[in-house]
Structure formats: structure tokens, C-alpha cells
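Colleague: Here you go, sequence then predicted model.
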Amino acid sequence: MEKGICFLTNKEYPLDDLVQGLSLKPQLVSLIQKDYPEFSSDKFISLDILNT
């Protein structure tokens with residue numbers, strides 16, 4: 001099983017539990033970038049973080 005790293009937590013997750021920034025609505029990306037300006041569409045974020 002392939003794994004990736006959540007950009008916000010630096011934790012490793014299975015790729016099935018990650019969402020690429022490209023898949024997020026631009027408004028959500030902008031909101032994330034307020035606290036994490038280096039977050040971009042090629043980065044991943046965990047579903048756990050998105051659901052909190």
C-alpha cells in the first residue's frame with residue numbers, strides 16, 4: 001500500500017486517506033494558506049484534518 005505525508009501534520013497516511021490540494025475548492029485552499037502559506041495544489045492533506 002502506498003503512503004503519503006499530510007502537509008499540515010507531517011504524519012504518514014495511506015494515500016486513500018489523503019486528499020491532494022488540487023482536489024479541494026479554491027476557497028478551502030485559500031483558508032488553509034492563511035495558516036500554511038506554503039500549502040499548494042500538489043501537497044496532500046489528511047481526511048482526518050479536513051473533517052475536524
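Modeller: Structure's in. What do you need?
Colleague: hey, let's count contacts and neighbours off CA atoms from now on
Modeller: Noted.
Colleague: so what does the helix or strand hosting V19 touch, helix or strand wise?
Modeller: Using DSSP states H and E, V19 sits within strand 18-20. Using 3 or more C-alpha pairs under 8 Å, 6 or more residues apart in numbering; DSSP states H and E, the elements in contact with strand 18-20 are strand 44-46.
Colleague: Residues in contact with the helix or strand following the strand it packs on: which ones?
Modeller: Remark: after strand 44-46, the chain's next helix or strand is helix 47-50, criterion DSSP H and E. Identification of contacts with helix 47-50 by C-alpha atoms under 8 Å, 6 or more residues apart in numbering yields 17-19.
Colleague: Only the buried residues of helix 47-50, if you could.
Modeller: By neighbour count with 16 or more other C-alpha atoms under 10 Å, helix 47-50 contains no buried residues.
Colleague: What are the boundaries of the helices in the protein?
Modeller: 26-35, 47-50 (DSSP state H).
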